[in-house]
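Asks: Turn this into a model:
(2 chains)
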Amino acid sequence: MSEVSMSVNGRTARGVVEGRTMLVDFLREGLGLTGTHVGCDTTQCGACVVHVNGLPMKSCTMLALQCEGADVTTIEGLAANGAPLHPMQAAFREHHALQCGYCTSGMVMMAVDIARRIGEPDEATIREELKGNICRCTGYHHIVEAIAAGAKAMALPQT
Amino acid sequence: MDSRLVPSQPPATPPYGERAGIGDRIPRLEDERYLRGGSRYVSDLIATSRALRVRVLRSPHAHARIVSVDASSARTFPGVVGVLTPDEVMNVGDLPCEWAAPGMAVVPLHPVLARDRTRYVGQPIAAVAAETTHAADDALGAIAVAYDPLPAVADQEVAIKEAAPRLHDAVPGNVAFRFRRTGGDVGRAFADAEIVIRRRLTNSRVSPAPLEGRVVLSDFDPRAGRLTHYTSSQLPHTHARLLGGCIGLPLHKLRLVAPDIGGGFGAKLGFYAEDVLCALLSMRTGRPCAWSEGRGESFLATTHGRDQIQYVELAARRDGRVLGLRGRVIADLGAYALGMGPGVPSINTGISVTGPYDIPHADIEIIGVYTNRTPTGPYRGAGHPEATFLIERLMDDLARELERDPAELRRANFVSSAAMPHRLPTGFTLDSGDYAANLDAALALASYADLRRRQVRLRAEGRYLGIGLATFSASSAASPSIAMGAIGFAMTGHEGARVVVHADGRATVFCGAQSTGQGHATSLAQIAASVLGILPNDIEVVEGDTQVVPLGTGTFNSRSMAVGGSAVYEAAHRIIHKARRIAAYKLQRRPRDLVYEGGVFSVNAHAGATASIAHATKRVVQKVVPLVFKRRSGFELPTMQRAADAVTFAEVAREAHLGHDLPLGMAPGLDETYFFDPKDVVFDYGAHVVLVEVDTDTGHVALLRHVVVDDCGRVINPLLVEGQVHGGAAQGIGQALMEAMVHDGNGEPLVSGFNDYAMPRAADLPLFETGRTEVRTPANPLGARGVGEGATIGATPAVVNAVLDALAPLGVTDISIPMTPMRVWRAIRAARGVSAADVGERESDRSRSTVGLPID
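Replies: Okay, the predicted model is just below:
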C-alpha cells in the first residue's frame, strides 16, 4: 500500500492505495466521485475518460500512483453544484445526446477536449475524434450534433 | 374567512398555461443529474458501500463433467468471507424460464451453479465473496475444479444430427421444441406459383452489449429477515418474484431496486445466477454482497441474441404477387432454456415471417436447438429482426428475379390500410396502419428516384452504389394478459401506474415500466402533464423499486408507452375526474358545467338554464352541512366563500389533502392507480432506405445515407423518438456489417471484449435522416405504437439489401452477415471467377453458415 496525493477538481485528494489500484477506482471508491464509469476495463469504450494535467485519459487503465501530483478533472468538476452547466454539458442536454447515460461523462470529457484542441470541428472530425468512445444507445447522431453545438458555445467569448 | 386555501409560499403555485405535454419536443428532465456526475447506477451504489465483492468462477469448458470442486484452500485466503460451491446450493431452485415455447415438454433450466455438468464456457461453477475485488480474484484462482471434458457442439445444424453430443439426457437430438404455424393452403400456393425463390439465410449471433454490464448489490438484514436487492434489471417485479422463489424469501420481505440502468436491449430481461449468488452470500455472511460483470465476462455470461438458420421459400406469380411462404428456421437456444429464450424464435419469429405483406398461405416451423454456447435471449426486436430479415431478403431477391423495382414490388403486396384489422396467416391481427403511405414517405425523403438514376450513372463509371430497402411490421406491447398463457409467457401483459398529486399541486407518477435509458422520467411526465394540466417539470416519475411500486411488469417489446404510458394516462384521468368533482363542489356547480384549461377549473360561460338551476339547488343544499355540523360539535364552520368562478388545480390539490371542504362522503387525497391491460398487441411499422458504396478492391462498405420513416402512432416526444430510431438503427447496422459473437467448432468463444467485438463507432455511421407517419392505433387510449425496437428490425435487412444491390451487376447473390470487408471481398472475387482456394476461402465457408468459424 502506498500513499498518493493529487489535485482532483481543484481540491487536494490523498489516499492509500494498492499498487494495482486504477485511477478510476481511486476516484470512485476512494473519493466517491461516481460520475466516471467503467464500461470495458480494457481502454476500448471511453466511459472512464477524465482529464489528467489537461489531457483526456482513460482512467480504467491508468494507475492511481501514476497520478501522483497530477491535476485531475472529472465530470463533477466541469460545473459546480448550483452553477449553470458547462456549455458542453448544456449542449448534451439540449440535443438529447444521452440515453442510458453510462458513457456520458466520458463523452463529455472527451468532447470538451476536442473543442479545446480544435475549436469548432466539422462532423467528420468529431466522428474521427470519438474513435475511443463507444455509445450503444444513441447511434452518435445527437452526440455529434451536441459536440458541434457545445464547441461553438465554448468558442464564444465568456461573459 | 376565505375557505379557498391560497398557497402563500412561492413557488407553491405551478406555472400553468405553457403547453408541454404529449407531442412536445422537450429535452429530458432527468439529464442534468447524469451530466453533473450524479448518476445512481448499481455500480455507483457499490462504490460508496462497504459491500463484500463477489467474483464468479466460470467453466473454461464448453461441455464437461464436473468431477469435483474443492474450495477448501480458497476459504483460507485473506479477506475471504464466503464461498459457494455447487454442493452448497443443492437446495436452491434453478433459474426459471419465463417464456417456454408452446408445447415444450421438457424445459432444462439453468442451475445457479453447475451441478454435475457444465454446458457452456462461462457457466458459473463457484462464487467467492471477499473484502476486496482483488482478494476475491486471488481466492477464485485457488478453487480446484476437476473436469472430465465431453465432446461439445456449437452449431445448431450439427447439434440436431444423430451423432451429435447430447446436452440434456431428457432431450433427444438436442431439439427443445418444434413449433409450427400454418395458415391457408401453402401447398396450393406453391403449386400455382410461377416463380419460387429458395434461400438458406443465416441470422448471426450477436451480443446486446449494453455499456453497463450486469451488476448486483444484495443486502440482507438478518435481524429483520429482509433483503434489499439492487440489480440492473429491465423487469424489477418479475425478477423479485423469481429471486424470492429461488431463495425461499416471501415477497413482502424482498425489496428489489433497479436504480439507473446503463442500457438493457433485452440482455437484462433474463434472470441470472449472479442475482441468486449475491443474495445467498449476503444471507450467509450478513454483509452486503456486490458483483459487477467485467466486459469479457459479459460476453460469456449474459444472453446473446438472434442466431437462426433459415431455410425458406417464397411462391409468387410473375406479376409480382406473392402467394405463399414456407420454411424451417433452426434457432440456437444455447445451453439452457433461460429467461425469455425459447419464446423469442418460436412466437416472435414464427408469427411475424409474413411481415407487412398480404401473404395468404404460410407454413413455418421453428426448431429450437440446444448447443454448448451461452444461452440466447431477447435482443432489441427479439425474433422480429430475424423474421424481417427473412422476408425482406426474399422480397428483394424476388424483385431482382422479376426485374421489378423492389419498392414497387413491396407496395403491390402490402396489406392495405382498408383491409385492417388483418388476421395474419400465422396468428395475431394487424391492428391498423398504412404501409404504402409510410413507404412513400421514406422514398420521398430519400429522393429514391434520383438515387436510382445516380446509381445507373455511377455504374457506368465502374462504381458500385447500392440502394437497399426494408419495410417491417412488428408486434409490440405483448398483451392482453389473458393471451400470455397461450403463448407460453409466464408474465403479465398489463402495466400499472399510480399518480399521486401532492398538497401543492405537484405530482409523482409511479410506474411498473423500467427505463433503461429511454427517458421515462420525461415521457411519462409529459403524458401525466397533458392530462393534469401542469408542467412536466412539476412531475417526478418513480420506477424500479418494488417497495415503492409494488406491482408492475417492466420494459420489453416496445411496450412502455403503449402499455405503461396508457396506464399513466388513465390514472391521471381518474385524478382529474376527482379533482373536477372537488372543484365543482367548491364552485357549487355540477362537474359537467366546469371547463378545465391551463390548470384552472372555471364555470362554463354558457352553461344554460339547467346548469343554473342545478347551481341554485346546490347552494341551498350546502347550507345544510354547517347546520348539522354545529348541532353535533358545537362549533361553527368557517363561512364558505362561494362567489369565485374559478379554482386552480393546486387549490383543489390542497383541499383534497386537507379534507376540510370536500363533497360529502368523498375520501380525501388525489391518488389513483390504474392497471392497463390492452385488448390486443399493436403493430409498429416503418420503412428504411439505405445508400451504400462498395469498394470492390477492398470489400469495404461505406454507409452513405440511412433514411428511416417510422410509424409509432401517436408520439409523446419527437426528440426521444428520434433518439430511439438512431440508436436502434445503429444496432441493426452493427449486425449487418460488423458485430458477431463467434465460437469455434468446440464452443470456445473467440470474443473477449470490445477489442474483438466490433460495435459501431461514431465514424462508422452517418447522420440519420428520419421522418414519421402517424396512424394512431385504436388499441390503447394514447394511440401509441412501439418504437424502441423498430429501427433495429428494419436496419439490418436494409443495409444487407443495399450491399447486395450494389454487387448485383457482379453476380453476387449472398454474403453472410456480418458483411465484413473480407467477406465482401471474397464474394466479389468468387463472383468474378477467382477460385475459392485463390481467395483463401475455406470449404466450410461456402457450404455452411458463419457459425463455428472465426470472424473474418
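
Asks: so who does the closest residue to A:Cys40 other than its chain neighbours touch?
Replies: Excluding the flanking residues, the one nearest A:Cys40 by Cβ to Cβ, 6 or more residues apart in numbering or on different chains is B:Arg295, at 4.1 Å. C-beta coordinates here come from the backbone N, C-alpha and C atoms, glycine included. Applying Cβ atoms under 8 Å, 6 or more residues apart in numbering or on different chains to B:Arg295 gives the contacts A:Gly39, A:Cys40, A:Asp41, A:Thr42, A:Gln44, A:Cys45, B:Gly213, B:Gly753, B:Phe754.

Asks: ok, 6 Å please
Replies: Counting by Cβ atoms under 6 Å, 6 or more residues apart in numbering or on different chains, B:Arg295 makes contact with A:Cys40, A:Asp41, B:Gly753.

Asks: Confirm that A:His51 sits in a strand.
Replies: Yes: assessed with DSSP: H, G, I helix; E, B strand; the rest coil, A:His51 lies in a strand.

Asks: Quick one: list the elements packing against the one helix or strand A:Ala115 maps to.
Replies: Here A:Ala115, judged by DSSP states H and E, is contained in helix A:104-118. Helix A:104-118 sits against strand A:49-52, helix A:87-94, helix A:141-155, with contacts defined as 3 or more Cβ pairs under 6 Å, 6 or more residues apart in numbering or on different chains; DSSP states H and E.

Asks: With mean pLDDT, mean neighbour count and distance to chain B added, can I get these in JSON lines?
Replies: Below are the helices and strands packed on helix A:104-118 laid out as JSON lines (pLDDT from 0 to 100; neighbours: other Cβ atoms under 10 Å in any protein chain shown; distance: least, Cβ to the nearest Cβ, whole Å):
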{"stretch": "strand A:49-52", "mean pLDDT": "98", "mean neighbour count": "25", "distance to chain B": "11"}
{"stretch": "helix A:87-94", "mean pLDDT": "98", "mean neighbour count": "24", "distance to chain B": "4"}
{"stretch": "helix A:141-155", "mean pLDDT": "98", "mean neighbour count": "22", "distance to chain B": "4"}
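
Asks: B:Gly263: which of those is closest?
Replies: Relative to B:Gly263, the nearest member of the helices and strands packed on helix A:104-118 by Cβ to Cβ is helix A:141-155, separated by 14.6 Å.

Asks: okay, and for the chain, where does confidence drop off?
Replies: All of this is about chain A. Where chain A drops to pLDDT under 70, the residues are A:158-159.

Asks: Wait, chain B was what I had in mind.
Replies: B:1-19, B:639-643, B:835-856.

Asks: which ones are touching whichever residue of it sits closest to chain A?
Replies: Using Cβ to the nearest Cβ, the single residue of chain B nearest to chain A is B:Gly37, 2.1 Å away. For B:Gly37, the contact set (Cβ under 6 Å, 6+ apart) comprises A:Gly35, A:Ile75, A:Glu76, A:Ser105.

Asks: count of residues packed around the closest residue to the last one other than its chain neighbours?
Replies: In space, not counting the residues next to it along the chain, A:Ser105 is nearest to A:Ile75; the distance is 3.7 Å by Cβ to Cβ, 6+ apart. Using other Cβ atoms under 10 Å in any protein chain shown, A:Ile75 has 30 neighbouring residues.

Asks: Tell me the first helix or strand C-terminal of the helix holding A:Ala115.
Replies: Using DSSP H and E, the next helix or strand after helix A:104-118 towards the C-terminus is helix A:123-129.

Asks: Could you pull out the buried residues of that next one?
Replies: In terms of neighbour count (16 or more other Cβ atoms under 10 Å in any protein chain shown), helix A:123-129 has its buried residues at A:Thr125, A:Ile126, A:Arg127, A:Glu129.

Asks: Kindly identify which of those also come near chain B.
Replies: Counting by Cβ under 6 Å from any Cβ of the partner chain, A:Arg127 from those sit close to chain B.

Asks: Need the phi and psi values for A:Thr74.
Replies: Dihedral pair for A:Thr74: phi -110, psi 180, per degrees, to the nearest 10.

Asks: Just list the residues touching it, thanks.
Replies: A:Leu33, A:Thr36, A:Val50.

Asks: domain ranges for chain A?
Replies: The record's domain split for chain A, according to automatic domain parsing, is A:2-75, A:87-155.

Asks: which one of the ones you listed is the most hemmed in?
Replies: Most buried of the domains of chain A by mean neighbour count (mean count of other Cβ atoms under 10 Å in any protein chain shown) is domain A:87-155; its value is a mean of 23.

Asks: who are the neighbours in contact with A:Cys3?
Replies: One thing to correct before we go on: residue A:3 is Glu, not Cys. A:Glu3 neighbours (Cβ under 6 Å, 6+ apart): A:Val16.

Asks: Redo the helices and strands packed on helix A:104-118 as CSV? Include distance to A:Asn133.
Replies: Formatted as CSV, the helices and strands packed on helix A:104-118 follow (distance: least, Cβ to Cβ, whole Å):
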stretch, distance to A:Asn133
strand A:49-52, 7
helix A:87-94, 13
helix A:141-155, 9
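
Asks: which stretch among the ones you listed comes nearest B:Asp87?
Replies: Nearest to B:Asp87 among those is strand A:49-52 (44.5 Å), distances taken as Cβ to Cβ.

Asks: Is B:Asn372 part of a helix or strand, or is it coil?
Replies: coil.

Asks: need the contact list for it.
Replies: The neighbours of B:Asn372, taking Cβ under 6 Å, 6+ apart as the test, are B:Ala62, B:His63, B:Arg119, B:Tyr120, B:Ala152, B:Val153, B:Ala154, B:Ala335, B:Gly747.

Asks: rerun at 8 Å
Replies: For B:Asn372, counting by Cβ under 8 Å, 6+ apart, the contacting residues are B:62-63, B:119-121, B:152-154, B:165, B:167, B:335, B:746-747.

Asks: Which members of these define the maximum pairwise distance?
Replies: So, these by Cβ to Cβ: farthest apart are B:Val121 and B:Pro165, at 14.8 Å.

Asks: My assumption is that B:Phe472 lies in a strand; please confirm.
Replies: Yes: counting by three-state DSSP, B:Phe472 is part of a strand.

Asks: separation between it and A:Asn133?
Replies: 30 Å (Cβ to Cβ, to the nearest Å).

Asks: Leaving out chain neighbours, which residue sits closest to B:Arg166?
Replies: Per Cβ to Cβ, 6+ apart, closest to B:Arg166 is B:Asn174, 6.2 Å.

Asks: And for that neighbour, the neighbour number?
Replies: B:Asn174 has 23 neighbours, counted by other Cβ under 10 Å.

Asks: One more: B:Lys253?
Replies: The number of residues packed near B:Lys253 is 13, by other Cβ under 10 Å.

Asks: Then the one 5 residues further on?
Replies: The local packing of B:Ala258 (other Cβ under 10 Å) involves 28 other residues.

Asks: what's near enough to touch B:Glu739?
Replies: Neighbouring residues of B:Glu739 by Cβ under 8 Å, 6+ apart: B:Ser204, B:Val206, B:Ser207, B:Tyr757, B:Ala758, B:Met759, B:Pro818.

Asks: and if we set it to 6 Å?
Replies: Here B:Glu739 is in contact with B:Val206, B:Ala758, B:Pro818 (criterion: Cβ under 6 Å, 6+ apart).

Asks: who in the stretch 701-850 of chain B is up against chain A?
Replies: B:719, B:723, B:726-727, B:729-730, B:753-755, B:759, B:761-763, B:765, B:767-768.

Asks: same deal with chain B?
Replies: B:27, B:31, B:34-35, B:37, B:39, B:44, B:47-48, B:210-212, B:262-263, B:295, B:517, B:719, B:723, B:726-727, B:729-730, B:753-755, B:759, B:761-763, B:765, B:767-768.

Asks: Cool, thanks, talk later.
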